[in-house]
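Asker: make a model of this:
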Amino acid sequence: MLDISEDGRTWVLSGPASSYAVHVTDRDELLHLHWGARIGLADAEALAVRPLPDYWPFESPLDGREEYPVEGGPRFTRPALSVRTGERRGTEWTYEGHDTEDGELRLRFRDGDLAVTLHYRMRSATDVVERWVTLDNHGPAVEVLRADSATWTLPDRDTWRLSQLHGRWGAESRLERSALTHGEKVVGSRRGHTGHQHLPWVALDTDATEEHGEVYGCALGWSGSWRIAVAQLPDARVQITGGAGYDDSGLLMLGTGESYTTPVFAGLWTDGGHGGASRAWHAYQRTYVVPGADQDRPVLFNSWEATEFDISEEQQRALAERAAAMGVELFVVDDGWFGARTSDRAGLGDWTPNPDRFPGGLKPLAEHVHGLGMQFGIWVEPEMVNPDSDLYRAHPDWVQHQPGRKRTEFRNQLVLNLAREDVQEYLWEQLDGLLSSAPIDYVKWDFNRCFTDAGWPDDPYPQRLWIDHVHALYGLLDRLRAAHPGVAFESCSGGGGRIDLGVLGRTDQVWTSDNTDPLDRLAIQHGFSQIHPARVMAAWVTDSPNAMLNQRASSLRFRFVSAMAGVLGVGGDLTKWTERELAEARDWVELYKEIRPVVQRGDLYRLRPPEGGLSAVQYALGDEIVVLAWLQAQRYGEPVPALRLRGLDPSASYKCLETGEVHRGAVLLHHGLRVGLRGDLDATVVRLQRK
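Answerer: Purely as a prediction, here's the structure:
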């Protein structure tokens, strides 16, 4: 809902529980009024007439109160917008007016020939505020040094606590909470992709628990380099500024008649604690971000850990037959099917099946997989090229590079300059031809190295490749999805290196981490769930001991229940599994299919964090409840503690399908956990049905 004052200078956007209000003064200053519990237009107008503090001369009354601070003028905070021409730098805008369309509010400002439009939107049945900015240049060229999507202003509080997700390859999305002190906390990526080191999300609270208290959260929808700065200002006010690009060295050059639209920076307020914030974010993404989120994702098998580069059509057929017998619904051939790809040293860029390994192309294998009752998928890494490839030999100028400098290789590969239109067209022809050549249902889209030599020698403004690469990626995915609507896409970047609201708007799921150890995954998945839903979180059951990182042994039961917390996949070498293991796996896959709608589309409650001892999550959808619990360690013969479930009707009765027990109201699970959990590193699934 959007309310506008009679003078057209105060606006209130409202969702089910919250409101967001801004005001333009007679001096054309855009001030933030309110973000929090619902208020009315009269409340916002009362806030708008409050005078600004009389600071002089070492502080600005605008700092911490301005909705979108620009560079220049009487302000000292970090600017959200920084531009320059040949004559001047900074912005001195005037307010031109506002307009609305389908619930979207646009506030229009102008500085000479540069038009600046601030966009706001609260979609139906959500408290998420979407914000972004459009720049339109009607005069001589303007260099955009920085154009953040939004600045968020928090109310006055004595203390704040900051939540963030940090990590590295193999240890992504780990939750960290710490006191916010005066100054700035900056997180981001200068690597060309979202990065393993931080997810573009922060949350702030004062004393919130999992289910109670105010939480403010912000998430950026951008899959390239990015930056979010959280600043506690001298007067204790807090502002969060974020957008594309890491530093202020230059985003792009806007020529006459050109425009630039920033990515969306979304914000959410809730008084339902961190769990309430997560459920609100999840519902928003399932409804408005992730394509086809009302359709459950299939159980997949991926061949990588079974075969690595040593693959053949005959071998893949044998794996597919075992996977089908287990109940798998999607069979994926990973790296090694194309070009001269017998190791990571060659073949990237040559997206045609290896004739020695697949003499008839991919079609015979795909048809065989379909005949087994499964969908068929492949792995690709289109943005990369090996120097030992036909593509690089033909077009060495197509990679990012600095003239006169060595071309840095990671994993024996270079980054294609996707900002070039000829590179975009080549990849379109290759991938469209590939998806047309065989009945392919799924593409795992990988990105296995960061930008290093991000140069474009022939371009007059080479810095633009940082932005244009991501726009080209989005355009290519959009074009492929339109041409092949039956194909699902997974975002992967050596695990969780490209996970954000931007890529999730164009893919069906994401690869959470290359680390498939089921115990490590509990912490990774706990952090991931702070912002993203189980519906997009791919998780695999692989061999034990875990060969990827730590050689830790774990039961098949523990591995399956860990992976069942998201989109279940299997990645082990099925030719080495015993008949007993295969039979047990069939039972777990069958159980997952029964609980899948609740896990992938239900409301998530984190009952106990993975900090040792018992950890558990709960999913609720309609009258069905699913609890996944893991006993990480048990000491001194202590009994398994009970779990109090959440979000249930206190007047209703619930039957535990595992034990037959009937519970009332807020169910306290005890017997079901004791039955299911036995011994060290074990796990269980408990289901309840409302009577």
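
Asker: make it CA atoms for all contacts and neighbour counts henceforth
Answerer: Will do.

Asker: now stretch 658-677: buried residues?
Answerer: For stretch 658-677, burial by neighbour count (16 or more other Cα atoms under 10 Å) applies to 663, 666-667, 669, 672-673, 676-677.

Asker: what about it, distance to the chain center?
Answerer: 34 Å (Cα atoms, centre = their mean, to the nearest Å).

Asker: helices along the stretch 351-500 of the chain, start to end?
Answerer: 363-371, 390-394, 421-437, 465-483 (DSSP state H, counting those that start in this stretch).

Asker: farthest-separated two in the buried residues of stretch 658-677?
Answerer: Maximum pairwise distance among the buried residues of stretch 658-677 (Cα to Cα): 21.6 Å, between A666 and L677.

Asker: follow-up on the earlier one: nearest to L105, of the helices of the stretch 351-500 of the chain?
Answerer: Taking the helices of the stretch 351-500 of the chain one by one with Cα to Cα, helix 465-483 is closest: 24.2 Å.

Asker: show me what counts as buried in that closest one.
Answerer: Buried residues in helix 465-483 (16+ other Cα under 10 Å): 465-474, 476-478, 480-481.

Asker: same question for stretch 355-365.
Answerer: For stretch 355-365, using 16+ other Cα under 10 Å, the buried residues are 357-358, 361-365.

Asker: of the buried residues of stretch 658-677, closest to R690?
Answerer: For these, the nearest to R690 is H663 (9.5 Å; Cα to Cα).

Asker: what does the top helix by length along the chain rub up against?
Answerer: If you go by DSSP state H, the chain has its longest helix at helix 579-601. The contact list for helix 579-601, computed with Cα atoms under 8 Å, 6 or more residues apart in numbering, reads 286, 294, 296-297, 299, 325-328, 533-536, 556, 560, 564-568, 574, 619-621, 624-626.

Asker: can you select the buried ones among those for me in ChimeraX?
Answerer: Only the buried entries of the contacts of helix 579-601 go into this ChimeraX selection, using 16+ other Cα under 10 Å:
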select :286,296,297,299,326,327,328,533,534,535,536,556,560,564,565,566,567,568,574,619,620,624,625,626
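
Asker: what score does G665 have for pLDDT?
Answerer: At G665 the predicted local distance difference test score is 70.

Asker: gap between the residue nearest to it when sequence neighbours are not counted and T181?
Answerer: Nearest in space to G665, with sequence neighbours left out and distances taken as Cα to Cα, 6 or more residues apart in numbering, is P650 at 3.5 Å. Look at P650 and T181: by Cα to Cα, to the nearest Å, they are 41 Å apart.

Asker: higher neighbour count, these two?
Answerer: Between P650 and T181, counting by other Cα atoms under 10 Å, T181 is the more crowded of the two (16 against 11).

Asker: check the secondary structure at that one for me.
Answerer: coil (DSSP: H, G, I helix; E, B strand; the rest coil).

Asker: give me the neighbour count for the nearest residue to it once chain neighbours are set aside.
Answerer: Residue nearest to T181 in three dimensions, not counting chain neighbours: Q232, with 6.6 Å by Cα to Cα, 6+ apart. As a burial measure, Q232 scores 21 neighbours (other Cα under 10 Å).

Asker: please apply the same query to the one 3 residues further on.
Answerer: Residue neighbour count, defined by other Cα under 10 Å, stands at 11 for D235.

Asker: quick one, phi/psi of L31?
Answerer: Dihedral angles of L31 (phi, psi; degrees, to the nearest 10) stand at phi -110, psi 140.

Asker: if we can go back for a sec, wait, the residue nearest to T181 touches Q239, no?
Answerer: Yes: Q232 is within contact range of Q239, at 6.7 Å (criterion: Cα atoms under 8 Å).

Asker: if we can go back for a sec, any idea which of the buried residues of stretch 355-365 is closest to E490?
Answerer: L362 (19.4 Å).

Asker: distance of that closest one relative to Y20?
Answerer: Applying Cα to Cα to L362 and Y20 gives a distance of 53 Å.

Asker: so, low pLDDT: which residues of the chain?
Answerer: Within the chain, the segments meeting pLDDT under 70 span 55-56, 666, 679-681.

Asker: tell me which residue lies nearest the centroid of it.
Answerer: Closest to where the C-alpha atoms of the chain average out (Cα atoms, centre = their mean) is D500, at 2.7 Å.

Asker: hmm, back to that, what would the buried residues of stretch 658-677 look like in TSV with distance to F451?
Answerer: Shown next, in TSV, are the buried residues of stretch 658-677 (distance: Cα to Cα, whole Å):
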residue	distance to F451
H663	55
A666	51
V667	51
L669	49
G672	50
L673	48
G676	47
L677	46
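
Asker: sort out for me which of those are in helices.
Answerer: 672-673, 676.

Asker: from those residues, which is closest to G213?
Answerer: Closest to G213, out of all of those and judged by Cα to Cα, is L673, at 29.3 Å.

Asker: I'd guessed that closest one sits against P639; true?
Answerer: No: applying Cα under 8 Å, one finds L673 not in contact with P639, separated by 10.0 Å.

Asker: not counting sequence-adjacent ones, nearest residue to S14?
Answerer: That would be M1: by Cα to Cα, 6+ apart, it lies 5.1 Å from S14.

Asker: go on, H193?
Answerer: G224 (3.9 Å).

Asker: and the gap between that neighbour and T262?
Answerer: For G224, the distance to T262 - Cα to Cα - is 12 Å.

Asker: now the helices for this structure?
Answerer: Using DSSP H, helices in the chain cover 41-48, 273-284, 304-307, 313-326, 363-371, 390-394, 421-437, 465-483, 501-504, 518-528, 556-563, 579-601, 671-676.

Asker: could these be laid out in CSV, adding distance to H401?
Answerer: Below are the helices of the chain laid out as CSV (distance: least, Cα to Cα, whole Å):
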stretch, distance to H401
helix 41-48, 52
helix 273-284, 39
helix 304-307, 31
helix 313-326, 37
helix 363-371, 37
helix 390-394, 13
helix 421-437, 15
helix 465-483, 11
helix 501-504, 25
helix 518-528, 34
helix 556-563, 40
helix 579-601, 42
helix 671-676, 56
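
Asker: wait, which of these is closest to G15?
Answerer: helix 273-284 (11.6 Å).
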